[in-house]
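[1] Fold the following.
(chains A, B and C)
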Amino acid sequence: MSAYLAIGKIRFLAGMQYRAAAAAGVLTQLFFGLIFLMVYVAFYDQGGAGQPISLREVAAYIWLQQIFLSFIMLWLRDPEIFSLITSGNIAYELCRPCRLYAFWFAKLLATRISGAVLRCFPILLAVFFLPAPYALPLPASPAAFALFAAALLIGLCLVVSISMLIYISVFWTMSPVGSSLMVSVAGEFLAGMIVPVPLMPGWMQTVAYLLPFRWTTDFPFRVYAGNIPIGEAAWGIGVQLAWFAALVLFGQWLLNRALRRVVVQGG
Amino acid sequence: MRLYVRYLSLLFRSQMQYPSSFWLLCFGQFFIPFTVFAGFYFLFERFGEVRGWTFYEAALCFGVVHLAFSIAECFARGFDAFSSLVAAGDFDRLLVRPRSVALQVLGSKFEFTRFGRLLQGFAVLGIAIGNLQVEWNAVKAATLAFMVIGGALVFAGIFILAATMCFWTVQALEVANIFTDGGREMAQYPLHLYERWVLVFFTFVIPFGAVSYWPLLSVLGKTDGNGLLYMVMPLASVLFLLPCLAAWSFGVRHYRSTGS
Amino acid sequence: MIALEGISKSYRVAKRAAGFREAAKALFFREHTVVDALRNVSFDIREGDIAGYIGPNGAGKSTTIKIMCGILVPEAGSCSVLGYTPWKQRMDYVRRIGVVFGQRSQLWWDVPVIDSFEMLRHIYKIPPADYQRTLALLTETLDLGDIVRTPVRQLSLGQRMRCEIAASLLHEPRILFLDEPTIGLDAASKIAVRDFIKTINREKGVTVILTTHDMSDIEALANRILLIGKGTLLYDGDLPDLRSRYGNDPMDGLILRLYREHQI
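    Just a heads-up that it's a prediction; the model follows:
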């Protein structure tokens, strides 16, 4: 266990070095959040009543997306792992006395957390004090907040387990672009990154609900905003855990097969 | 100019060494902005119109901005990817060659795969034009062409500014995204959706308004102003590009005095 | 031909933090240290010399080369190469010099070498007749016959280095700067590169300045030795002079003694 913690810590400290990068990220995400929200404000002026998600809830949704951006972007590449696989240096990783899946998982998890830690507080502070339609509302209730926190963490693990599948697929495609890029783009769309899931047309929502992507972010954010009631949220966390278990098992099985191929090829 | 064409042909031959990855990327580049357009469409489908702009009117805006962005990305990609050039130390090589540094940076990279994105921009533009009840004339057509060219120049200027930042720090580079990706995301909607300060800033400081929103008002007949005046408005992009180039050459001087 | 006079140059380097507390502190304060890369360096090199520029890692070799190539501007001092101040008339000046950075490539990775040469012909505006003549000569002396039709990525390091050197000689420069030209090469390739450097020096009168960590390069090539350590020039002379002072030990041991003597 301690080996996984150690790799996590190294990653975390490395991430913390990039102070200027974090400041730039804060500014960028504030700007994006504001612009997106202004678009929604304009649309809701038109006919906000009767929409499945209120403007206030959209504001929470958008800001949480920006605050936890590094938790949710599928297209967050770890060039190290890609080059390990494509260059054949993977043999080196196999010499370590760690289970590869857990090792990479810890690495990716720490990268994402360090990316968010530096950025989330300044953004959080700023967006609570914005004027009316743009401010981040408080969570719907203390219970909703607790469920949100749990759902967000499981969601983060879900994101990492999905991105693990993308990395593992590189064993077959040998190219970090192309197929994996498209999975990421589609996944982010289905997670509500471009349009919140409740605002998609019905058929698109059905697709989104059938796939794991929306459980990563759409679900926790809507719990926070109160768009998903408490009872339903508790069930949702169960669904998240089920998806997580399935994805990890599938990922490990796939990785083992991939590694066997490597060994067979002798590369 | 002749040299630039030579660079292009060389880079094209390089990329063609990997045809399968080339086609995959082309396809990917066509597909990525597609989700953005889908989101754009879904919102209009749900809400009808926004502040008096219908879907097709806004789509014209979307098409112009995305087309301009992809043209800039194709041609000025060398500046966009400049941080890797500096990080790899290959920038020194450009300085020991007897040609303009800016030209060599432009020629260092050309993203042919961005043609996929270009294609999508044309498609959206085509859909919008086909469904709009606009009486086209020479002035309006010229305005539209100028908008695309001007928009590409504005994006190119931002790429150059971002590349200039690399001489001081590559860490804070993400902030440039506000104006490249952010500018694109923002300007794809008519600017008067936003708060007034956004409109002012993006008209007078970074002239996205001058290349997309204002001339579009004239093309769509949303204003009575003189059409010719609106036609030349996108030329403001040149006024923006010049200080960007000045900042760039200042950055090169800084690099040579610090070597960082 | 080349004259440096009192050249100085320093860098500002941010201190990197170690450990958790330091990392957190570095979020708010960052300390900088000034590193003197070059301190009052002066030397001159005559036409037709092959000068070996040596010193431990971080001594300032590359900085000096970059200043002489016009890439960097020094803080103090003057430099005159072929009558130019390198960092002032960049375009005119760099047309007359050739530069090889041993660790980097100036060739386009995915296309045959000859395409890169052709590109360089246009960059340097070399008249076709001159180009054909130089290319024929280089192909013959460097034995490039078949390899110019191969993409760079498929070349061995030795083949690539020969092509790199050829590429920087296409425009017939009068001075050639070589930054670690033999790094990573096998014995046969090293000897081929050395022979070639000698040939162009003898037959075309090209002045050569090379940095290296391989003392046998110096022994085989240099008629002039410049030793730099911690940013200052510590020794400037020729090989016989060095021998007369320190005896006939192998070159590596000799240099090590020089390093020790100056405590670098």
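
[2] use CA for all of it now, contacts and neighbours both
    Will do.

[3] Helix or strand: which one has residue 56?
    Because you didn't say which chain, this covers chain A. Residue A:56 is part of helix A:55-67, with elements assigned from DSSP states H and E.

[4] Please refer instead to chain B.
    Using DSSP H and E, residue B:56 maps to helix B:55-75.

[5] May I see the buried residues of that helix?
    For helix B:55-75, a neighbour-count test (16 or more other C-alpha atoms under 10 Å in any protein chain shown) marks B:55-75 as buried.

[6] hmm, back to that, I'd like to know if the helix holding residue A:56 reaches chain B anywhere along the stretch.
    No - contact between helix A:55-67 and chain B is absent, the nearest approach being 12.9 Å (criterion: C-alpha under 8 Å from any C-alpha of the partner chain).

[7] what's the next secondary structure element after that helix?
    Counting by DSSP H and E, the next helix or strand C-terminal to helix A:55-67 is helix A:69-72.

[8] CA atoms only for that following helix - export them in CSV, please.
    Below are the C-alpha coordinates for helix A:69-72, written out as CSV (Å, rounded to 0.1, in the frame of the first residue of the first chain):
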residue,chain,number,x,y,z
LEU,A,69,-12.3,20.3,-14.0
SER,A,70,-9.3,18.1,-13.4
PHE,A,71,-11.6,15.5,-11.8
ILE,A,72,-13.8,15.2,-14.9
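
[9] And for it, what's in contact with it?
    By C-alpha atoms under 8 Å, 6 or more residues apart in numbering or on different chains, the surrounding residues in contact with helix A:69-72 are A:65, A:76, A:112-113, A:115-116, A:156, A:159, A:216-217.

[10] ok, these vs chain B, which is closest?
    Looking at the contacts of helix A:69-72 and their distance to chain B, the nearest is residue A:115, at 13.0 Å (C-alpha to the nearest C-alpha).

[11] Tell me the confidence at the closest one?
    Turning to residue A:115, the model gives it a pLDDT of 75.

[12] a helix runs through it, doesn't it?
    Yes - under DSSP: H, G, I helix; E, B strand; the rest coil, residue A:115 falls within a helix.

[13] What is the neighbour count of it?
    Here the number of neighbours of residue A:115 (other C-alpha atoms under 10 Å in any protein chain shown) works out to 22.

[14] residues contacting residue 61?
    No chain specified, so I'll use chain A. The neighbours of residue A:61, taking C-alpha under 8 Å, 6+ apart as the test, are A:196, A:218, A:221-222, A:225.

[15] that's the wrong chain, I wanted chain C
    Taking C-alpha under 8 Å, 6+ apart as the criterion, residue C:61 is in contact with C:53-55, C:211, C:228.

[16] what's residue 131 sitting at in phi/psi?
    As the question left the chain open, I've gone with chain A. Backbone torsions for residue A:131, taken as degrees, to the nearest 10, come to phi -70, psi 170.

[17] my bad, the chain I had in mind was chain C
    As for residue C:131, its main-chain torsions (degrees, to the nearest 10) stand at phi -60, psi -50.

[18] How many residues are close by it?
    18.

[19] I'd say it and residue C:122 touch.
    No - taking contact to mean C-alpha atoms under 8 Å, the distance of 10.3 Å between residue C:131 and residue C:122 leaves them out of contact.

[20] would you list the contacts of residue A:61 in JSON lines and tack on pLDDT?
    Compiled in JSON lines, the contacts of residue A:61 are given as follows (pLDDT from 0 to 100):
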{"residue": "A:196", "pLDDT": "92"}
{"residue": "A:218", "pLDDT": "91"}
{"residue": "A:221", "pLDDT": "92"}
{"residue": "A:222", "pLDDT": "93"}
{"residue": "A:225", "pLDDT": "90"}
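
[21] Mind picking the two most distant members of those residues?
    Longest distance between any two of the contacts of residue A:61 is 12.5 Å, between A:196 and A:225; criterion C-alpha to C-alpha.

[22] Counting neighbours, go ahead and name the busier of the two.
    Summary of the neighbour comparison: residue A:196 and residue A:225, criterion other C-alpha under 10 Å, with residue A:225 having more neighbours (27 against 21).

[23] Spatially nearest residue to the more buried one, not counting backbone neighbours?
    What sits nearest to residue A:225 in space, not counting adjacent residues and going by C-alpha to C-alpha, 6 or more residues apart in numbering or on different chains, is residue A:57, at 5.2 Å.

[24] Which positions in stretch C:203-223 come out as buried?
    Buried, per 16+ other C-alpha under 10 Å, within stretch C:203-223: C:206-213, C:215, C:217-218, C:221-223.

[25] In stretch C:67-86, which residues are buried?
    By neighbour count, and taking 16+ other C-alpha under 10 Å as the criterion, the buried residues in stretch C:67-86 are C:67-74, C:77-81, C:84-86.
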